[in-house]
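In: Structure for the following, please:
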Amino acid sequence: MSTKSQPHVFTLLTVDPGDRSLADLEAALRGAGLAALASEAEASEGTFRARLVSDADGNPLRWTPDGWIPIDHGTIAAALAAVFSADVSINDTVYDGAGHPTDDTVVTSFSAPLYDSFAWLTTALDDDLPDRAATAGQSLLVVPSSSPYYESLVVALESPAGADDSKVALTESSLALWRHGTRRGFVIASAIGVLGDDWDDTWVVVDPSAAVPDVLAAIDGIRTASPIEHYAEIFILDDVETERFAALLASPPSDTVLLQLTEIVGEPRDIADVVEGRVDAASLPGARLVAPREVVEPQGLFAGLASFAKKLSRDRRFD
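Out: This is a model prediction of the structure:
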């Protein structure tokens, strides 16, 4: 790879703060030549996190006066472990203090580890919802949706974080919204893939270059989790909607960003109002509590194929 490689995406790094401060993380990253955004928003849950400027293939890049050069995950992990005396997670792999990958893995999420609220629109059939409640480990509040693409609005009342940890919202095509303190975010799962992003005012810029414009531009480019054209594809946005979506992602967190998102992508506002606490989901027409299915009866081959066909027919976003 050329030393002139240009950054395009980010690599996610997390580490247990221990008795260290965010300034220690900033200094360690800057000392390793890593341009990044760092945050202590999840320190109370035992995590500092950083987005590292990376190339199009996801390789972290180190800044030098001659340009960007790749740096391997193990080298980064060893440098951070020396400061924090803790294992370091990079994307979905945990590295020990020597920078060697371990058998432990972490599942990186687009969302916050704790929530004030979490809800999603889903293509799941009514018959499947008790199974989804079982996956989530809790009863789920379900409301029929007027969405052009989704069947139901589902709200995790008992444990929003537990619902996210179970990945139940990713079982079918879905659009999930969440709120955690001042942060807001979304995850969309479809036949194209899974994308997510958040509005977070806790990021701190880590610049190893002393304000070289190319480096500052690269850091600014990782404030969103994916290039805007990826969002345009998965949400099927026209040019005007794409510009509005890009502007929305660049805006600071507020109690209106989720509502604006639903307006741009053509979904009913109910989900945003529920997540923001403006509307009690239980008061919506047709709301009902779905308990976990205690025993899942095995389906025959043809019944299973029929159910699968029905699910595909309801993924109308890709008709």
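In: Just list what the host helix or strand of D214 packs against, helices and strands only.
Out: Secondary structure from DSSP states H and E places D214 in helix 213-221. Using 3 or more C-beta pairs under 8 Å, 6 or more residues apart in numbering; DSSP states H and E, the elements in contact with helix 213-221 are strand 48-54, strand 204-206. All C-beta atoms are positioned from the backbone trio N, CA, C, and that covers glycine.
In: Now do it, average pLDDT.
Out: For helix 213-221, mean pLDDT rounds to 90.
In: That helix versus strand 48-54: what angle between them?
Out: With axes from the mean of the first three to the mean of the last three C-alpha atoms, to 10 degrees applied, the angle from helix 213-221 to strand 48-54 works out at 130 degrees.
In: Now do the buried residues in whichever helix or strand comes after helix 213-221.
Out: Sequence-wise, the next helix or strand downstream of helix 213-221 (DSSP H and E) is helix 228-235. Within helix 228-235, the residues that count as buried by 16 or more other C-beta atoms under 10 Å are I228, Y231, A232, I234, F235.
In: same check, this time on stretch 151-160
Out: Here stretch 151-160 shows E151, S152, L153, V154, V155, A156, L157, P160 as buried, counting by 16+ other C-beta under 10 Å.
In: What is the end-to-end distance of that stretch?
Out: End-to-end span of stretch 151-160 (C-alpha to C-alpha, to the nearest Å): 20 Å.
In: try stretch 201-211
Out: Start-to-end span of stretch 201-211 (C-alpha to C-alpha) is 21 Å.
In: List the contacts of F48.
Out: Contact analysis of F48 by C-beta atoms under 8 Å, 6 or more residues apart in numbering lists T14, V15, D16, P17, R20, L22, L25, A38, S39, E40, E42.
In: And it, how close does it get to L37?
Out: 12 Å (C-beta to C-beta, to the nearest Å).
In: cool, I90 as well?
Out: For I90 relative to L37 (C-beta to C-beta), the value is 15 Å.
In: Pick out whichever of those two has more residues nearby.
Out: The residue with more neighbours, out of I90 and L37, is I90; 24 against 21, by other C-beta atoms under 10 Å.
In: The nearest residue to the more buried one once chain neighbours are set aside and S89, how far apart?
Out: Nearest non-adjacent residue to I90, counting by C-beta to C-beta, 6 or more residues apart in numbering: H73, 4.7 Å away. Computed with C-beta to C-beta, the distance linking H73 and S89 is 10 Å.
In: What of W120?
Out: For W120 relative to S89 (C-beta to C-beta), the value is 25 Å.
In: Of those two, give the one with the bigger neighbour count.
Out: The neighbour count for W120 versus S89, taken as other C-beta under 10 Å, is higher for W120 (29 against 22).
In: Just the CA atoms of the one helix or strand the more buried one maps to, as PDB, please.
Out: Counting by DSSP H and E, the element that carries W120 is strand 117-122. Extracted in PDB, the C-alpha atoms of strand 117-122 (Å, rounded to 0.1, in the frame of the first residue of the first chain):
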ATOM      1  CA  SER A 117     -35.600   3.400  24.900                       C
ATOM      2  CA  PHE A 118     -35.300   1.100  22.000                       C
ATOM      3  CA  ALA A 119     -37.900   0.200  19.300                       C
ATOM      4  CA  TRP A 120     -38.000  -1.200  15.800                       C
ATOM      5  CA  LEU A 121     -40.200  -1.600  12.800                       C
ATOM      6  CA  THR A 122     -40.200  -5.100  11.500                       C
END
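In: Where do the domain boundaries of the chain fall?
Out: 9-105, 117-199+252-302 (automatic domain parsing).
In: possible to save the ones you listed as JSON lines with distance to D207 and mean pLDDT?
Out: As requested, these are exported to JSON lines (distance: least, C-beta to C-beta, whole Å; pLDDT from 0 to 100):
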{"stretch": "domain 9-105", "distance to D207": "6", "mean pLDDT": "88"}
{"stretch": "domain 117-199+252-302", "distance to D207": "20", "mean pLDDT": "90"}
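In: right, and the ones you listed - which one's nearest A218?
Out: A218 sits nearest to domain 9-105 of all the domains of the chain, at 4.7 Å, using C-beta to C-beta.
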